[in-house]
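# Following is a predicted model, sequence given first.
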Amino acid sequence: MISSIYKLGNNTYKISFFQKICKSKIGDVFLYHTNNIGYINNIFVDLEKQRKGYGSKMLNEVEKYLSNSYNINTYRILAWHQRNRKNASLHKFYYKNGYKKEFDSKNEIETIYDDEYNKFDMIQLIKKIHI
Ligand SMILES: CC(C)(COP(=O)(O)OP(=O)(O)OC[C@H]1O[C@@H](n2cnc3c(N)ncnc32)[C@H](O)[C@@H]1OP(=O)(O)O)[C@@H](O)C(=O)NCCC(=O)NCCS
């Protein structure tokens, strides 16, 4: 896997990942950092490359980049899934990668409405590593 980093704004980046030999696109991670915290804004793996371990590897690379370049050891993700699509399994992806719910209260889920047909649940997840 190889990667390219694009600066999108102040402390805001997109890291794109490609296969080493054929250079085909694997996916993108959008991130931001401030006050020693790294925020993973979005992570996408190409549809036909999902469930092959790439998403986990990309997340790991992004954490290493933030840790090595900016001395960051706390990462936050706002994970979303569409309500009623039983897509809560997405959170399994984050739990498997060491993220935990940030708030252990009933108010942990914020619901936002994208339009009048779709409702999205958002959950704050956090991971701290010891350097
Ligand atoms: C979420 C996403 C980045 C995961 O990337 P990936 O390469 O498929 O993930 P991995 O192969 O590293 O998966 C690791 C584990 O996460 C869990 N997981 C990942 N995607 C899952 C899915 N769609 N359903 C159920 N479990 C899933 C599984 O437990 C998986 O382990 P397993 O395959 O051994 O069971 C990818 O599915 C994606 O781009 N989805 C669409 C965009 C999106 O929802 N982004 C997140 C916004 S918050």
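Everything's here; your move. Quantities reported herein were computed from a predicted structural model and do not represent experimental measurements.
# what residues are up against residue 74?
By CB atoms under 8 Å, 6 or more residues apart in numbering, residue 74 lies in contact with 36-38, 126-128. (Each C-beta comes from the backbone N, C-alpha and C, glycine too.)
# which of those residues has the most neighbours?
Neighbour counts for the contacts of residue 74, by other CB atoms under 10 Å, peak at residue 38, which reaches 22 neighbours.
# helices and strands of this structure: which one bottoms out on pLDDT?
strand 109-113 (a mean of 60; mean pLDDT, DSSP states H and E).
# which parts of the chain sit against the ligand?
Counting by CB under 6 Å from any ligand atom, the chain comes close to the ligand at 42-45, 50-56, 79-80, 89-90, 92-93, 96.
# re earlier: now pLDDT and secondary structure too, for the contacts of residue 74, in a markdown table please.
What follows is the contacts of residue 74, written out as a markdown table (pLDDT from 0 to 100; DSSP: H, G, I helix; E, B strand; the rest coil):
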| residue | pLDDT | secondary structure |
| --- | --- | --- |
| 36 | 92 | coil |
| 37 | 96 | strand |
| 38 | 97 | strand |
| 126 | 93 | strand |
| 127 | 96 | strand |
| 128 | 94 | strand |
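# Which single one of those is nearest to residue 29?
Proximity of the contacts of residue 74 to residue 29 was ranked by CB to CB; the top entry is residue 38 with 10.6 Å.
# So that closest one sits against residue 76, correct?
Yes. The criterion here is CB atoms under 8 Å, and residue 38 meets it with residue 76 at 7.2 Å.
# Overlap of the contact sets of those two?
Between them, residue 38 and residue 76 share no contacting residue, judged by CB under 8 Å, 6+ apart.
# What's the end-to-end length of stretch 64-80?
Length of stretch 64-80, first residue to last, CA to CA, to the nearest Å: 23 Å.
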